[in-house]
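1. Could you look at this predicted model? Sequence included:
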Amino acid sequence: MPLGKFKELILIFLILFVPQANFAIFYATILPFILVTTLPSVKDRSNIIFRAIMLFWLLLASFIVMKYSFFENLYDLKELMKLALFLLVYYSIRRVTLEQLGYLFFAYIFVDFVVSIIQFIHFDHYLVDLIVSIYSTGNHAEFSLQLNSVRSLGLSPGPGQHGVISLLIFWFFSIRYTFERRSLMGLLGLVLAVSSLFMSQSKTCLIAFLASGIVFIGFIFVLKDNITRLMIIALLSITVFLIWLYFTDIMNVFYDISRVVKSGLETSSLIARVQLWEAMISVILSSNPVLILFGAGRSYLEYMGVYHGSFDNDFVYIFVQYGIIGFVAFVSFITFYLIRNFLKFNRLSITSKIIYMLLLSGVVSSLSIAFFIDLKILSILAILLAIENRGKTTQLGYYSKTSKAG
């Protein structure tokens, strides 16, 4: 194996397995590894697109430094590190294939599932406590692993993060199993991922799973053969029947989900989140045109005494951090990508199909949980986009050579 590819695989391994509970530890492990071993060569950095992105990043950093002189804290510089992480990971992945990424995903979800099931059945062991202390935040560990309502954390800081990474890996294996090749590892990978998703009992992720799942089933019925359609109908029929047959037992096991089924949003923290979002948005809209357009940031929220420990909404986060301009650009890109590729889903590459389903489920998830701005999700999206872009570049190079030969 070439040394460059080996280094990239190590980078992806670190992105998956390094604990995210402490951002400083995550950055301190990932960024030096990128800078020392896999940062693009001078030739790559001469690319005009790369130059434009770096110029944008420097201008944004300059604006944030100016805000620091007024609000005197480094919150926005820390948030800018997320954008830097995305760009660095994207430009570091040049040799890894989708197949190799699948092996790393399987290794992660296997370990995550084992930890999740141990937490879910309350198996008490010092190794379990050690994993929780390393990978999970204290408040989530305290409230999510209660005897009467277990929300497994796996290798994630909290149940929400556990849900989004499980959802991402589920779609990775589901797309490959359905549209590429059916393998035992792929089938087992998607089963482990959906199991971890349900054990997290993340209500937002489960809603996103169902919503994106309906669209995905629609794609299958339109694009696949009759045998596949019959298999899906049979699988759904069996699933619905088993849920109906063991509904009471399922609700007893998944207590947090049963609370929503019985009482709706009244038992959820959504109402409190909406009030927090309204407070964040209103204080920024009452600031000044520059901050409204380009982003007030968490530093401004701190200055105004508004809570900003968590956003639980990527759209609110984008508006706070990058203003109306950033919000419009973000929403426009997501909307354009989803609409543009909806009718030509069958013609998309496997990687693009995976990205499509991730963006679709991410739009739903990010309404009340961090999805796109989650460090691991952000990094994995950068990896998938790098693989997809490399495939397009290779294809264009092939057509260019053949046209010259002709």
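-> Received, thanks.

2. so what's residue 319 up against?
-> 281, 284, 295, 326, 327 (CB atoms under 8 Å, 6 or more residues apart in numbering). Bear in mind the C-beta positions are built from the backbone N, C-alpha and C, glycine included.

3. wait, the fourth one sits on residue 318?
-> The one in question is residue 326. Yes: using CB atoms under 8 Å, residue 326 is in contact with residue 318, at 5.5 Å.

4. Look at those two and report which has more neighbours.
-> Set side by side, residue 326 and residue 318 show more neighbours around residue 318, with 22 against 18, by other CB atoms under 10 Å.

5. For the strand or helix carrying the more buried one, list every residue counted as buried.
-> Secondary-structure element containing residue 318, defined by DSSP states H and E: helix 314-342. Buried residues in helix 314-342, counted by 16 or more other CB atoms under 10 Å: 314-324, 326-327, 330, 334, 341.

6. immediately after it, which helix or strand?
-> helix 350-365.

7. what packs against that following helix?
-> helix 159-179, helix 203-223, helix 314-342, helix 375-405 (3 or more CB pairs under 8 Å, 6 or more residues apart in numbering; DSSP states H and E).

8. Poorly predicted segments of the stretch 251-400 of the chain, please.
-> 251-269, 391-400 (pLDDT under 70).

9. run the last query once more with 80
-> For the stretch 251-400 of the chain, applying pLDDT under 80 flags the ranges 251-272, 307-310, 390-400.

10. that older thread, tabulate the helices and strands packed on helix 350-365 (a markdown table), appending distance to residue 132.
-> Shown next, in a markdown table, are the helices and strands packed on helix 350-365 (distance: least, CB to CB, whole Å):
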| stretch | distance to residue 132 |
| --- | --- |
| helix 159-179 | 12 |
| helix 203-223 | 20 |
| helix 314-342 | 27 |
| helix 375-405 | 18 |
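
11. Determine which stretch of these is the most buried.
-> helix 159-179 (a mean of 26; mean count of other CB atoms under 10 Å).

12. could you point out which element follows that one?
-> helix 184-200.

13. which strands and helices sit next to that following helix?
-> Going by 3+ CB pairs under 8 Å, 6+ apart, helix 184-200 lies up against helix 98-120, helix 159-179, helix 203-223.

14. For residue 10, find the nearest of those.
-> Between residue 10 and the helices and strands packed on helix 184-200, the tightest spacing by CB to CB is seen for helix 98-120, at 10.1 Å.

15. Give me the local confidence score for residue 171.
-> At residue 171, the pLDDT value in this model is 95.

16. mind listing what it touches?
-> 212, 354, 357, 358, 361.

17. what separates residue 243 from residue 213, distance-wise?
-> 14 Å (CB to CB, to the nearest Å).

18. Could you do residue 23 as well?
-> In terms of CB to CB, residue 23 sits 32 Å off from residue 213.

19. Residue 219 too?
-> 11 Å.

20. now do residue 332
-> 26 Å.

21. cool, and residue 155?
-> From residue 155 to residue 213 the distance is 24 Å (CB to CB).

22. Quick check: residue 309 is in a helix.
-> No: counting by DSSP: H, G, I helix; E, B strand; the rest coil, residue 309 falls outside a helix, being coil.

23. Could you pull up phi and psi at it?
-> The phi and psi values for residue 309, taken as degrees, to the nearest 10, are phi -60, psi -30.

24. quick one: which helix or strand includes the closest residue to residue 75 other than its chain neighbours?
-> Leaving aside its sequence neighbours, residue 75 sits nearest to residue 298 (CB to CB, 6 or more residues apart in numbering; 3.9 Å). Taking DSSP H and E as the definition, residue 298 sits inside helix 297-303.

25. same thing with residue 95?
-> Residue 95 belongs to no helix or strand when elements are defined using DSSP H and E.
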